[in-house]
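In: after the sequence you'll find the predicted model.
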Amino acid sequence: MSLLVAGNSTSLSEEELDEYSDGTVKLRNSNIELMDQDILYHLALGSESHDLQEMFGDVKFACMGGTPKRMENFAHFIMNEIGYKLPAGTQLQDISAYSYRYSMYKVGPVLCVSHGMGTPSVSILMHEMIKLMYHAKCKDPVFIRIGTCGGIGVDGGTVIITEDALDGQLRNSHEFTILGETIHRPAKLDKKLARELKSLSSADDPYDTIIGKTLCTNDFYEGQGRLDGAFCEFSENDKMAYLEKLRENGVVNIEMESTIFAALTHHAGIKAAVVCVALLNRLNGDQVNAPKEVMHEWQQRPQILVSRYIRKVLTHNGQLKNLFGHQGSIKSPRRFKLVQQESQAHE
Ligand SMILES: O=P(O)(O)O[C@H]1O[C@H](CO)[C@@H](O)[C@H]1O
Ligand SMILES: O=c1cc[nH]c(=O)[nH]1
């Protein structure tokens, strides 16, 4: 059996992935099965304290993004899009509220979870999300990051689907330090899923949706070649030469979570995608200074694309009609605005 070897780490071969044919998420850690209980501390959930299969067994999509508010908004939006009805007299609850770390909302088969900023925050969440999928016996869950980024040669408002996630040294892997040893795991996303998402963009969308390489950094300022951090020990020429080098290598955007997100989902055999909206074109500057309302509308764009995908899959599986008894339209930015206004009115 051929293994994909990166550093001294291994990833799933095609043959191994085939072994997961019942679709459930297998853990690559035999310690978990031997434990009396597994506490998902940062999600405020546990395998003994909660019936995770009953609560989460129907999850098909785990959507994640940086801020709790974005994910709460997305939960309301997707609820409307898939026609999911909450039991009378109830409202969406933040399932992980008492962790005081991440927020989690469940809308039928869709989980909407905030992941914070940067690798450590996402890494902790991904361990617990993958274990949650395992304990809940979820079948073929798809993980999607819905984020923001800086564009390289693309206008603010452009939606970017990541084809390959690259680290600061342009390697298509994520570097881990485990027991003092450095290992790399491939930062692979599902290319077919990326293409499918792209196919759901519409000529009627008043913005571009593109696929390209994403640079993932450990910092927003010096790490992304900004001149406007508290420190800067390089010149504007150095910065522009670096951004041009990125562009020559096919990089179209920069953010801070894609390699860890890709590496851990791939290591777990979970299909994943990253969809971000550019908040600015970094070739034109460093400050994020678009008006608040404009940025708010831009951030809805990846959510609209992802909702089209979710609706498509649920429609294909016959779930949209059968489970929720209402179809709606695939392209519905107008309805999204209404939901957003309602949710803002409650802020
Ligand atoms: O908008 P989100 O998804 O939080 O992501 C981007 O925004 C943060 C920086 O402002 C980083 O976490 C970056 O990856
Ligand atoms: O420039 C940007 C904008 C959003 N997020 C980033 O990480 N960088």
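Out: It's in. Remember, predicted model here, so these are calculated numbers, not experimental data. Ligands and ions are numbered 1, 2, ... in the order given.
In: now the closest residue in space to residue 121 that isn't next to it in sequence: how far from residue 264?
Out: Excluding the flanking residues, the one nearest residue 121 by Cβ to Cβ, 6 or more residues apart in numbering is residue 115, at 6.0 Å. (C-beta placed from N, C-alpha, C; glycine too.) Taking Cβ to Cβ, to the nearest Å as the measure, residue 115 falls 12 Å from residue 264.
In: of these two, which one has the most company?
Out: residue 115 (26 against 23; other Cβ atoms under 10 Å).
In: what's the pLDDT at the more buried one?
Out: Here the pLDDT value assigned to residue 115 is 98.
In: what's the neighbour count on residue 215?
Out: Residues near residue 215, counting by other Cβ under 10 Å, number 28.
In: also residue 277?
Out: So residue 277, with other Cβ under 10 Å, has 26 neighbours.
In: just the mean pLDDT for the strand or helix carrying it, thanks.
Out: Using DSSP states H and E, residue 277 falls within strand 271-281. Computed over strand 271-281, the mean pLDDT rounds to 98.
In: next: stretch 249-263.
Out: For stretch 249-263, mean pLDDT is 98.
In: at the geometric centre of this structure, which residue do we find?
Out: residue 145 (1.1 Å; Cα atoms, centre = their mean).
In: that one - nearest residue in space that isn't next to it in sequence?
Out: Nearest residue to residue 145 in three dimensions, chain neighbours excluded: residue 274, at 4.5 Å (Cβ to Cβ, 6+ apart).
In: so how many other residues sit close to residue 131?
Out: Neighbour count for residue 131, taken as other Cβ under 10 Å: 22.
In: I'd like the distance between it and ligand 2.
Out: As for residue 131, its distance to ligand 2 is 27 Å (criterion: Cβ to the nearest ligand atom, to the nearest Å).
In: what's that residue sitting at in phi/psi?
Out: Torsion angles at residue 131 (phi, psi; degrees, to the nearest 10) stand at phi -70, psi -40.
In: tell me the contacts of the residue nearest to residue 145?
Out: 144-145, 147, 161-162, 165, 189, 214, 255, 257-258, 261-262 (Cβ atoms under 8 Å, 6 or more residues apart in numbering).
In: what residue in the stretch 51-200 of the chain comes nearest to ligand 1?
Out: residue 66 (1.8 Å; Cβ to the nearest ligand atom).
In: surely that residue is in contact with residue 114?
Out: Yes. Applying Cβ atoms under 8 Å, one finds residue 66 in contact with residue 114, separated by 6.7 Å.
In: how much space separates the residue of the stretch 51-200 of the chain closest to ligand 1 from residue 197?
Out: For residue 66, the distance to residue 197 - Cβ to Cβ - is 19 Å.
In: can you give me the helices in this structure?
Out: Applying DSSP state H to the chain gives helices spanning 14-19, 31-34, 52-56, 68-81, 119-135, 191-199, 236-248, 258-267, 292-316, 319-324, 333-345.
In: most packed of those?
Out: Compared across the helices of the chain, helix 258-267 shows the largest average neighbour count, a mean of 27 (mean count of other Cβ atoms under 10 Å).
In: where does the chain dip in pLDDT?
Out: Counting by pLDDT under 70, the low-confidence segments of the chain come to 1-20, 321-347.
In: what about 50?
Out: 1-11, 18-19, 325-347 (pLDDT under 50).
In: tabulate the contacts of residue 274 (TSV), appending distance to residue 208.
Out: Listed next are the contacts of residue 274 as TSV, based on distance: Cβ to Cβ, whole Å:
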residue	distance to residue 208
144	19
145	19
147	17
161	11
162	15
165	20
189	20
214	16
255	18
257	22
258	19
261	23
262	23
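In: just give me the closest of those residues to ligand 2.
Out: Using Cβ to the nearest ligand atom, the contacts of residue 274 come closest to ligand 2 at residue 255, 4.3 Å.
In: ok, now which ones touch the residue lying closest to residue 238 once chain neighbours are set aside?
Out: Nearest non-adjacent residue to residue 238, counting by Cβ to Cβ, 6+ apart: residue 225, 7.9 Å away. By Cβ under 8 Å, 6+ apart, the contact list for residue 225 reads 234, 238, 239, 242, 243, 282.
In: my read is that the third one contacts residue 227, right?
Out: Yes. Contact criterion Cβ under 8 Å: residue 239 and residue 227 qualify, at 6.1 Å.
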